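In: Next input, structure requested:
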Amino acid sequence: MASCLWPLAPHAERQFDNYDIAVLQGLDKMNARVQRLEIPVGKELKFGPLSITAQTCRKTPPEETPETAAYLEIRDTRFHDPSVQTLFKGWMFASSPALSALEHPNYDVWVLDCKNPETKERSPSKPSSSPKKASPSKAAPKEE
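Out: Residues are numbered from 1 along each chain as shown. Purely as a prediction, here's the structure:
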């Protein structure tokens, strides 16, 4: 009985790096069309009637066991009632797509990878010590 009470070794917490773009794959079952989807974190992308928002995209460092995870919200824009509209909200894992999947009769969506826009490689986004420049797409402040 004493052997059953022996404490287990502490489980090491996995480290994940944040990335700027979630790379997904979508399947339109009606047309048998597969499409690669790249969604910047915090942005929304349309795939058929689905609206997919990537809240975050994380990946383990190269020296760790490979895992990619994205926190997604997927809505069907054909419905105006928000309770019906949300089809999926949660984490999807590249290594286990069936673990947490979108259940839809006409569409499948799964995570492939995470990446950053400037390098398009597997380097994580790191906070810089210098302030970020405003993007050209943002409007300039109005003068009074």
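
In: how close does the spatially closest residue to Phe47 that is not a sequence neighbour sit to Pro117?
Out: Leaving out its chain neighbours, the residue that sits closest to Phe47 by CB to CB, 6 or more residues apart in numbering is Gly26, at 4.7 Å. Placement of C-beta: from N, CA and C, glycine included. Note on Gly26: its distance to Pro117, by CB to CB, to the nearest Å, is 20 Å.

In: give me phi/psi at Ala32?
Out: With angles defined as degrees, to the nearest 10, Ala32 shows backbone torsions of phi 60, psi 40.

In: how many neighbours does it have?
Out: 7 (other CB atoms under 10 Å).

In: now do Asn31
Out: The burial count for Asn31: 9, using other CB under 10 Å.

In: Tell me if I am right that it is in a strand.
Out: No - using DSSP: H, G, I helix; E, B strand; the rest coil, the assignment for Asn31 is coil, not a strand.

In: Next, find the distance separating it from Trp91.
Out: Taking CB to CB, one finds Asn31 at 28 Å from Trp91.

In: mind listing the strands for the chain?
Out: Applying DSSP state E to the chain gives strands spanning 17-19, 21-28, 33-40, 44-47, 50-59, 68-76, 86-93, 107-115.

In: Could you list the buried residues of the fourth one?
Out: Using 16 or more other CB atoms under 10 Å as the test for burial, strand 44-47 gives 45, 47.

In: Same question for the third one.
Out: Of the residues in strand 33-40, 37-39 count as buried by neighbour count, 16+ other CB under 10 Å.

In: Does anything pack onto that strand? Which helices or strands?
Out: Secondary-structure packing of strand 33-40 (3 or more CB pairs under 8 Å, 6 or more residues apart in numbering; DSSP states H and E): strand 21-28, strand 44-47, strand 50-59, strand 107-115.

In: how about that strand as CSV, C-alpha atoms only?
Out: What follows is strand 33-40, C-alpha atoms only, in CSV (Å, rounded to 0.1, in the frame of the first residue of the first chain):
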residue,chain,number,x,y,z
ARG,A,33,-12.3,21.6,-51.9
VAL,A,34,-9.3,21.9,-49.5
GLN,A,35,-8.0,25.3,-48.8
ARG,A,36,-5.0,26.6,-46.8
LEU,A,37,-6.0,29.4,-44.5
GLU,A,38,-3.6,31.9,-42.9
ILE,A,39,-5.2,34.0,-40.2
PRO,A,40,-3.4,36.8,-38.4
